[in-house]
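Asks: attaching a predicted model along with its sequence, questions to come.
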Amino acid sequence: MKLKIYVTRIVPQEGIDILKDKYDVEVWDSEDVIPYEALREKVVGITALFCTISDEIDAGILDAAGPSLKVVATMSVGQHHIDLEECKRRGIQVTNTPDVASDSAAELTVALLLLTTRRLLEGFEAVKNGEWGKWKPMWILGTESLNRTLGIMGMGRVGFGVARRLKPFGVSRIIYHDVTQAAFADDVGAELVSFEDLLKESDLLCVCCALTAQTRHIFDKSAFSKMKSSAVLINTSRAALLQQSDLYDALKEGQISAAGLDVTDPEPLPINHPLLSLPNCVILPHLGTNTTDARSNMSINTAMNIRAVLEPLQ
Ligand SMILES: O=CC(=O)O
């Protein structure tokens, strides 16, 4: 009898194709999140769970799956939706897809930076609303990257990808803060600085680090007060790196000039949320890995992770 794999969402077929001949693969046939109770029913007796970042995989789901479950493979970089301790205790392996989505996330960070610094959405809104009059010397003035200091919080795969892409834009300096010196940072001439100096010196600050106990809410009132009033902050990593209500105050009071966020708390952000009332805050609906290439590679990577765990057991 074939081992059972449950896939919690319609995902790119490439990943399913890698699994379907060898395993009994069932897919939740929807673009939407499977309800918790339905997931509990579906996982009974499975050996592998192919899930996404919006499925909560807690002890209740692991209990329902039972002792046959050997791997929880998430088609995401983030693993905060999985009870890792509980998986460890039960000897269930957890896998994610960190490498294949970095280029997509880095590109999105650059796109959001330009969207924010050049106020492109305001321009598009003006076109749609019939506010585009004769050429005006003082209308929708943005900030160029040329000769600006680019700051990167977290010189990992995404941070490096952002630095590599923005260097040819003519930024004058690239500085970064991380727990250690990143060997490849030299390739873009990036200098390691303290968090304090990153705040004080960055004109364009991209947050690309992981969320840990040390980085949770690291961008708070005190951090914003050290930044330049002309600085633009971009967060494409995790919402909890920022103290969101402090960010609102900093943007409202002009402590920093603008922010671009691809991640918010909560997600989705309610349409009456105060951040959405600010003209200097651009918000995207968590689009970091939304490319056909990244999603296809994430699906393949997830399937390969499942095979890497199951094959030695068979
Ligand atoms: O946020 C998206 C991911 O972790 O893949």
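Replies: That came through, no problem. Residues are numbered from 1 along each chain as shown.
Asks: buried residues in stretch 232-248?
Replies: Under the neighbour-count criterion of 16 or more other CB atoms under 10 Å, stretch 232-248 has 232-239, 241-244, 246-248 buried. (Each C-beta comes from the backbone N, C-alpha and C, glycine too.)
Asks: go through those and say which is closest to Gln314.
Replies: Arg238 (36.4 Å; CB to CB).
Asks: pretty sure that closest one sits against Leu261.
Replies: No: in this structure Arg238 lies outside contact range of Leu261 using CB atoms under 8 Å: 10.7 Å.
Asks: so where do the helices sit in the chain?
Replies: Taking DSSP state H as the criterion, the chain carries its helices at 13-20, 36-42, 59-65, 84-89, 102-117, 120-128, 157-166, 195-201, 221-226, 244-252, 292-310.
Asks: of those, which stretch is the most buried?
Replies: Sort the helices of the chain by mean neighbour count, taking mean count of other CB atoms under 10 Å, and helix 157-166 sits at the top with a mean of 23.
Asks: touching it from outside, list them.
Replies: Applying CB atoms under 8 Å, 6 or more residues apart in numbering, the contact partners of helix 157-166 are 98-99, 102-103, 105-107, 109-110, 113, 145, 150, 152-153, 155, 174, 176, 178, 182, 184-185, 187-188, 190, 204, 206, 208-209, 236-237.
Asks: for Ser76, report the pLDDT, please.
Replies: Per-residue confidence at Ser76 stands at 97 (pLDDT).
Asks: what sits against the closest residue to it other than its chain neighbours?
Replies: Using CB to CB, 6 or more residues apart in numbering and skipping residues adjacent in sequence, the residue nearest Ser76 is Ile53, 3.9 Å away. Applying CB under 8 Å, 6+ apart, we find Ile53 in contact with Thr74, Met75, Ser76, Gly78, His81.
Asks: hmm, 10 Å instead?
Replies: 74-82, 96, 267, 286, 289 (CB atoms under 10 Å, 6 or more residues apart in numbering).
Asks: what do you get for Ser230?
Replies: By CB under 10 Å, 6+ apart, the neighbours of Ser230 are Thr143, Arg148, Asp203, Leu204, Gly254, Ile256, Ser257, Ala258.
Asks: repeat that for Ala65.
Replies: Counting by CB under 10 Å, 6+ apart, Ala65 touches 4, 6, 39-40, 42-49, 57, 72, 90, 92.
Asks: follow-up on the earlier one: now the helices of the chain in a markdown table, with distance to Asn280 and mean pLDDT?
Replies: Shown next, in a markdown table, are the helices of the chain (distance: least, CB to CB, whole Å; pLDDT from 0 to 100):
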| stretch | distance to Asn280 | mean pLDDT |
| --- | --- | --- |
| helix 13-20 | 40 | 98 |
| helix 36-42 | 38 | 98 |
| helix 59-65 | 41 | 98 |
| helix 84-89 | 37 | 98 |
| helix 102-117 | 8 | 98 |
| helix 120-128 | 9 | 97 |
| helix 157-166 | 21 | 98 |
| helix 195-201 | 18 | 98 |
| helix 221-226 | 13 | 98 |
| helix 244-252 | 5 | 98 |
| helix 292-310 | 29 | 98 |
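Asks: turn those into JSON lines, including distance to Thr215.
Replies: Converted to JSON lines, the helices of the chain look like this (distance: least, CB to CB, whole Å):
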{"stretch": "helix 13-20", "distance to Thr215": "31"}
{"stretch": "helix 36-42", "distance to Thr215": "29"}
{"stretch": "helix 59-65", "distance to Thr215": "27"}
{"stretch": "helix 84-89", "distance to Thr215": "18"}
{"stretch": "helix 102-117", "distance to Thr215": "17"}
{"stretch": "helix 120-128", "distance to Thr215": "28"}
{"stretch": "helix 157-166", "distance to Thr215": "13"}
{"stretch": "helix 195-201", "distance to Thr215": "10"}
{"stretch": "helix 221-226", "distance to Thr215": "11"}
{"stretch": "helix 244-252", "distance to Thr215": "15"}
{"stretch": "helix 292-310", "distance to Thr215": "24"}
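Asks: ok, which of those comes nearest Ser30?
Replies: Closest among the helices of the chain, using CB to CB: helix 36-42, at 10.0 Å.
Asks: and the gap between Arg9 and the ligand?
Replies: Arg9 is 13 Å from the ligand, where distance means CB to the nearest ligand atom, to the nearest Å.
Asks: ok, that residue touching Lys42?
Replies: No: at 11.7 Å, Arg9 does not count as touching Lys42 under the criterion of CB atoms under 10 Å.
Asks: let me know the pLDDT of the spatially closest residue to Asp32 that is not a sequence neighbour.
Replies: Of all residues not flanking Asp32 in the chain, Arg9 sits nearest, at 7.9 Å (CB to CB, 6+ apart). Arg9 carries a pLDDT value of 98.
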